[in-house]
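Trainee: need a structure here:
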Amino acid sequence: MCESNVYFKKNNLEELIMENVAAVSPVGENKFLLKGLLGDTREIQGKIDDINLMAHKIVISALP
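Mentor: Model (predicted):
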């Protein structure tokens, strides 16, 4: 499987916000639409801080 977990980083703390994300699409300036394996979606505002495909982990950081 190629899904990843998405974490939101704020104040150097990472919080899991969505599991089994199959796609991340930009939907505006600093906004991303997360699409889950089962069709669930979530919009998040921030900047992509790290994408580690081997660890199946994406980190999106809060904007200052």
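
Trainee: For stretch 39-58, which residues meet the burial criterion?
Mentor: By 16 or more other CB atoms under 10 Å, the buried positions in stretch 39-58 come out as 44, 46, 58. Every residue, glycine included, has its C-beta placed from N, CA and C.

Trainee: now, which of these lie within helices?
Mentor: Using DSSP state H, no member of those sits in helices.

Trainee: Between these, which sits nearest Asn5?
Mentor: Nearest to Asn5 among the buried residues of stretch 39-58 is Ile58, at 7.3 Å by CB to CB.

Trainee: Pull the number of nearby residues for Cys2.
Mentor: Cys2 sits with 8 neighbouring residues when counted by other CB atoms under 10 Å.

Trainee: right, and it touches Val21 too?
Mentor: No: under the criterion of CB atoms under 8 Å, Cys2 is not in contact with Val21, lying 9.9 Å apart.

Trainee: hang on, the earlier thing: just the buried residues of stretch 39-58: which are in strands?
Mentor: Using DSSP state E, the members of the buried residues of stretch 39-58 that fall in strands are 44, 58.

Trainee: Find the residue ranges of this structure scoring beneath the pLDDT cut-off.
Mentor: By pLDDT under 70, the low-scoring segments of the chain are 1.

Trainee: Please enumerate the helices of it.
Mentor: Under DSSP H, the chain gives no helices.

Trainee: need the strands for it, in chain order.
Mentor: Assigned by DSSP E, the chain shows strands spanning 4-10, 13-28, 31-36, 41-45, 47-52, 57-61.

Trainee: Tell me the strands beside the third one, with direction?
Mentor: For strand 31-36, sheet partners with direction are given as strand 13-28 (antiparallel), strand 41-45 (antiparallel), following DSSP bridges.

Trainee: which one of those lies closest to Pro64?
Mentor: Closest to Pro64 of these, according to CB to CB: strand 41-45, at 12.3 Å.
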